[in-house]
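**Q** model this:
(2 chains)
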Amino acid sequence: MTRARNRELLALIPVALLLTAGFAAVFAQDHSKLGNLSLTYGAYFFAVCLATHVYLRIRLPHADPYLFPLMALLTAFGLVMIYRIDEGLARDQANWFVFGLVLFALTIQFLRDYEVLERYRYIIATAGILLLLAPRLPGIGEQVNGAYLGVKIGPISFQPSEFAKLAIVIFLASYLRENREVLIVGARRILGVTLPPIKHFGPMLVVWGASMLLLVFIRDLGTSLMFFAAFLALLYVATGRFSFVVIGMILFLLGSWFIVATVPHVHERVEIWLHPYTEPQGSGYQILQSIFAQADGGLFGKGFGQALITVPGTNNTMLPAAQTDTIYSLIVNELGLFGAAGLIATYLLITARGFKVALLANDGFSKLLATGLTAVFAIQAFVIIGGVTRVIPLTGVTLPFVSYGGSSIVANFVLLALLLLISNRARREAEEGRLPSGRDEPLGAPA
Amino acid sequence: MNRQIIKLFAFIIVLFAVLIGFTSWWSVFDAKGLKASKWNQRPLLEQQQIPRGRILAADGTVIAKSFSKGHGSGKRYIRHYPLGALFGHPIGYSFVQYGQSEFEKYHNAELTGEESEFGAILDQLTGKTQEGEQIVTNLDVHAQEVAMGDLEAAGYGAVVAIEPSTGAVKVLASNPSYNPNSIPKEGTLAKLNKAEVSRPLYNRATQGQYPPGSTFKVVTAAAGLESGVITPETTINAPGTIIDEGHELANDFNQDWGSISLDTALTNSVNTWFGQLGQKVGQDKLFTTMEKFGFNAKPPIDLPEDELSKSGVYDYESGKMLTRNDPVDLARVAIGQERLLATPLQIAMVAAGVANGGKLMKPQIWNRVVNADGSVTKRMNPEVYSEPISAKTAEELTTAMEGVVREGTGTNAAISGVPVAGKTGTAETPGNTACGGGEEENQAWFMGFAPANDPKIAIAASVECTEQFGNDVAAPIFRDVAEAILAGE
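**A** Presented below is the predicted three-dimensional model:
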C-alpha cells in the first residue's frame, strides 16, 4: 500500500537529519569547525535509505512502514558513535551497511515465498549448528577473550553466530508449527505439572543439549542464553504452556550451573560478574570501566566526543572494546541516561512492530517466524546491554545495528528482510480481506 | 497464539525496564560512589583535561599554574609550581597519577571550575568548555621566604602567621619542605614517604603535634582572668618547687619568686606560679578556655580535614584525646607539659585571639576566587570562630606579654620602634624518636603579635629537636617574619 510507504518515507527524513546532526556534532568536537563533510555523510546515508525505500515501494508495498526507518535510526546512531571512536571504522561500517542492504534486497528478491524455508528446515538447522561450531574448527576458528565466536577464512573474518541465529529461529518456527498441536494435546499432568509428551520431549531435550554443548564449545554464556531464550519464547508462543518454559528454564539453569562449575572460562566470566572488584586491574577491568563510564554520563551525558576511551596522550585503553561490547556504556557516557533510554526505547519500538507483524500474520509458520526473529533480536539487545550494566555476565554479543561489525549488521538486515516479507503478505491479505470483493474463504491457516 | 505473543512482549518490556533501571543506578544514583572508587581514574583524567585555575599569592605572584601538553583529545594540563619548595606546604600538589594534597585538594572544586549538572549542560549548549577558576590567597611570598630561610637555618619546624583582625593566613611554613614539581618523577613520592625523621610531606604547622611548653601559660592566664579566679593584681606565692600529684614541679634554677602577680610571673615564665594557677582555675574552666581557643577540635582552616591534627591532652597509649572529665596532672597541663600536644597553627590561633581583643577569627588561606573572565566570584568573609576571652582580659594579657619581650624571657623577639607582645616556650622532649633519640632535645617556641597596641600580625614559630631555648631559636624567627610582614603593610 502506498500509504504505508509514504509513512516510511516521512519517517526516514528525521533519521537522515539525526545522522547529519550527529556527524556534525562529532565533527565540530573533533575539528573545532563545521565542515560540509557531515552534510555529505547525511546526504549519502539518506540517498542509500531512499534507494532502499524505493525498492520496498516496488517489491513490498504493504510491509510495515516503521521497521526499516527504526533500524535505519539504529544504524545511523551506531555510525555516529563509531565515527566518534574512529573515522576508519565508521567507513568500514558504512560499507557493511550498504552490503547489508544489498543482501537485504536479495533476500526480498529471492525469498518472496519464504515458506520454501520450511522445506529445507533440517538443512538450515544443520547449517546453523555448523556455523556455531565453526569457530572451534582448526585453521579457521578464532578465539577472542577465551570465547570462540569468530571465524577467519583468508582475509575475511566473521561472527557465524549472527547468521546461526537466523537459521535456528527458522528451524524452530517450522518445527514448532508442525508439532505444536501434539505438544499441547499430548501433554500430561504429572504431580500437578503439565509435561510435554515423552515422544516430543526428545526434540526439546535436543535443543537444550545443543545450547549446553554450545556453551561448552564456544564458551559464550551470552550466545547460549540468547538461543535458548529464543527457543523458550517460541515454545511458549507455540504451545501456550508456561510450564514448558519453567521446565526449560530449570533445565538451562541446572545445565549452565554445572558448566559454570566445570568450564574455567565460563566460571571466570560469572566470577567477574559477581565480584568485579576482586581483580580491578585484571579480569574485572572491562566491566568496571564500563560502569565507571556510565557513572560519568549522568542524566544528560557529556556530549559527543567527550568520553575518554583511551588515557589522554597514550594508547592505554580506558574503555575496552568501545566500538563493540561496551558501545552502550559509551552511549551512556556521552548521551546520558536519557540518550540510553531513547536507544532502549528504539529497540522496544522495533520489538513492538515485530510482534505486530506476528499478530497480523495469518499462518502458523509466519507467526512463529516473526515472533522468533523479533524475540531473538530483542534478547540479543538485552544480553549485551545487560552484560555491560552488570544485570548478567558480560559476553561477546553485539548490539544489533549499533555495534561495529559486518556480520552483525548484515545478518540483522536479513532478519529485517524476513520480517518485512512476512509483514507484506499479512498486511496485503488484511487489505484484500477488507475489500468488498465478496471473497469468503478463510485467510491462510488458522492462527 | 496472539495472547502469548502479547505476553511475551510484556515480558520483554520488563526486561528492558530492568536495563533502564540498572543504567539509572550506575549513571545517576550510584554515580557519586563510583566516581569516588579508587579504581576509577576517570574523574582525575577528566580534571587533567580542564585547565586548572592558578593559585596566586596575595601580591599576585604565581604559586601554581597549569600548562598544556599534547593536542586534540590527547591534550592535557599539567601542574607547575614556579616557586618550587617554598609553598610545598600549605599549597600541596595536584597530579593525576599521584593525587592531591593540602590546599590543592581542599579547593579542588573551584580550581577545576566544577559545577552543578545543570550548569554543565548550559555550558555544553553554549559551547563553553569547563575551565578552572583561579584563587588568590592571603599568603605573603616574602614573609614565607623569610620564615623558610630562618627555619632552614634553625632546624625542623614550622611558622604560622595570621592577621588577627581577619584570620588571613600570611605565612604557613614547614621545614623541611619538598618541591611539588618533583612529585611526578618516578619514585619521588616513595622516597619522600620513606624519610621517617625529616618527613618532608608532613605539614608540621598543621599536623605536627608538639608539647607547647610555656607558650600555653597564656591560655592558663586567660582562663584565670576570664573566670575571675585572678585579676592582674592577684599575687600567688611562687616557691622554687611545688609538689604536684607526687611529682616535683620546679622553676628554672629552682628560683623562689615569692609573692608575685601575673605580669612578673609571665615575664619570667614562673612554673610554680602557673602550676598553682592551673589548680585554682580547675580542669573544667581550663578546658573550656582551651576549647574556645580551638583545642580538642580540627582547626577551622581551609585544608583537608585528614591533613589536620587536633591539639589537646592525649592518652599516649591509646592515642585518644582526653576530656575535661579524665584525670590529668593539672599543674603540668597548665605549664604546657603533661601529655598536652599542640600544633603551631593552634598556638598561632591563641596569639591571634588575644591580639584581636578576644575575638578569634577563622584562619583562612584563600582570599578570593576569580573566574576566567577576571571577575571575583567569591570572597573570603572574615568570620568569628569564637570569643574565648573578653576585650579586657585580652588587654591584660597583652600587657603581661609585652613584659616578656621587653624585659623577660623573650627579648630576642623585640623589634625596634614596634611594641611586641609574646611568650616563649621550651618543652623538654628527651628521647624524642623524631629527633633521633637525643637526650637534650627541646621543642622551642615563640608566639606573639605586633604591634602590641595595634596588632597587624600574630605569629607562632616552633623548632623541634633543638638544644636551644625558645628565646634563642624561635624568637628571632618571630621577629624576622613579623618585620617582613610589617614592612609590607
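**Q** Low-confidence ranges, the stretch 1-150 of chain A, go.
**A** Within the stretch 1-150 of chain A, the segments meeting pLDDT under 70 span A:1, A:29-38, A:144-146.
**Q** so is the closest residue to residue A:150 other than its chain neighbours in a helix, a strand, or just coil?
**A** Nearest non-adjacent residue to residue A:150, counting by C-beta to C-beta, 6 or more residues apart in numbering or on different chains: residue A:142, 3.5 Å away. From N, CA and C alone the C-beta is placed, and that goes for glycine too. Residue A:142 falls in the strand class when you classify it by DSSP: H, G, I helix; E, B strand; the rest coil.
**Q** how close does residue A:142 sit to residue A:107?
**A** Distance of residue A:142 to residue A:107, given as C-beta to C-beta, to the nearest Å: 27 Å.
**Q** Between those two, which is the more surrounded one?
**A** Per other C-beta atoms under 10 Å in any protein chain shown, whichever of residue A:142 and residue A:107 has more neighbours is residue A:107, with 20 against 15.
**Q** now check the one helix or strand the more buried one maps to, is it near chain B?
**A** Assessed by DSSP states H and E, residue A:107 sits inside helix A:87-110. No: Helix A:87-110 stays clear of chain B (C-beta under 8 Å from any C-beta of the partner chain), getting no nearer than 12.8 Å.
**Q** wait, isn't residue B:76 in contact with residue B:49?
**A** Yes: using C-beta atoms under 8 Å, residue B:76 is in contact with residue B:49, at 5.8 Å.
**Q** coming back round to it: what about the next helix or strand after the helix holding residue A:107, distance to the chain center?
**A** Using DSSP H and E, the next helix or strand after helix A:87-110 towards the C-terminus is helix A:116-119. Centroid separation for helix A:116-119 versus its chain: 23 Å, with C-alpha atoms, centre = their mean, to the nearest Å.
**Q** repeat for stretch B:474-483
**A** 18 Å.
**Q** Outside of it itself, list whatever touches it.
**A** In this structure, residues lying in contact with stretch B:474-483 by C-beta atoms under 8 Å, 6 or more residues apart in numbering or on different chains are B:143, B:146-147, B:150-151, B:154, B:157, B:159, B:161, B:171, B:410-415, B:418, B:420, B:422, B:424-425, B:444-448, B:450, B:457, B:459, B:461-463.
**Q** what about that stretch, average pLDDT?
**A** In this model, stretch B:474-483 has an average pLDDT of 96.
**Q** Tell me which residues are up against stretch B:43-55.
**A** Residues outside stretch B:43-55 that contact it (C-beta under 8 Å, 6+ apart): A:296, A:308, A:311-312, A:318, B:35, B:62-66, B:68, B:75-79, B:91, B:94, B:96, B:99, B:103-104, B:108, B:110-113, B:129-135, B:137.
**Q** Now do it: distance from first to last residue.
**A** End-to-end distance of stretch B:43-55: 21 Å, with C-alpha to C-alpha, to the nearest Å as the criterion.
**Q** so how far is it off the chain centroid?
**A** Counting by C-alpha atoms, centre = their mean, stretch B:43-55 is centred 26 Å from the centre of its parent chain.
**Q** Got the confidence number for the closest residue to chain B within the stretch 201-350 of chain A?
**A** Residue of the stretch 201-350 of chain A nearest chain B, by C-beta to the nearest C-beta: residue A:295 (3.7 Å). Looking at residue A:295, its pLDDT stands at 90.
**Q** ok, how many other residues are close to residue 280?
**A** Assuming you mean chain A. For residue A:280, the count of nearby residues is 16 (other C-beta under 10 Å).
**Q** Switch to chain B, please.
**A** With other C-beta under 10 Å as criterion, residue B:280 counts 17.
**Q** so what's it up against?
**A** Residue B:280 makes contact with B:224, B:229-230, B:236, according to C-beta under 8 Å, 6+ apart.
**Q** Ranking by neighbours, what's the top pick from these?
**A** Counting neighbours by other C-beta under 10 Å, the top entry in the contacts of residue B:280 is residue B:224, with 25 neighbours.
**Q** out of the contacts of residue B:280, who's nearest chain A?
**A** residue B:224 (57.0 Å).
**Q** The residue of the stretch 201-350 of chain A closest to chain B - nearest residue in space that isn't next to it in sequence?
**A** Using C-beta to C-beta, 6+ apart, the closest residue to residue A:295 is residue B:34 (3.7 Å).
**Q** Kindly report the same for residue B:103.
**A** residue B:91 (4.7 Å).
**Q** can you count the residues close to the one you found?
**A** Residue B:91 has 24 neighbouring residues, counting by other C-beta under 10 Å.
**Q** That one reaches residue B:180, doesn't it?
**A** Yes: counting by C-beta under 8 Å, residue B:180 is a contact partner of residue B:91 at 7.2 Å.
**Q** where do the contact lists of those two overlap?
**A** Shared contacts of residue B:91 and residue B:180, defined by C-beta under 8 Å, 6+ apart, are found at B:64, B:81.
**Q** for the residue of the stretch 301-450 of chain B found nearest chain A, what are its contacts?
**A** Chain A sits closest to residue B:372 of the stretch 301-450 of chain B, with a gap of 18.4 Å, by C-beta to the nearest C-beta. Contact analysis of residue B:372 by C-beta under 8 Å, 6+ apart lists B:113, B:131, B:133.
**Q** and it, that's in a helix?
**A** No: the assignment for residue B:372 (three-state DSSP) gives coil, which keeps it out of a helix.
**Q** For residue B:113, see how far away it is.
**A** From residue B:372 to residue B:113 the distance is 8 Å (C-beta to C-beta).
**Q** what stretches of chain B score poorly on pLDDT?
**A** Low-confidence segments of chain B (pLDDT under 70): B:72-74, B:115-129, B:431-440.
**Q** what's near enough to touch residue A:344?
**A** Residue A:344 makes contact with A:381, A:385, B:16, B:19-20, B:23 under the criterion C-beta under 8 Å, 6+ apart.
**Q** Arrange the residues you listed in TSV, one row each, with secondary structure as further columns.
**A** TSV is the format used below for the contacts of residue A:344 (three-state DSSP):
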residue	secondary structure
A:381	helix
A:385	helix
B:16	helix
B:19	helix
B:20	helix
B:23	helix
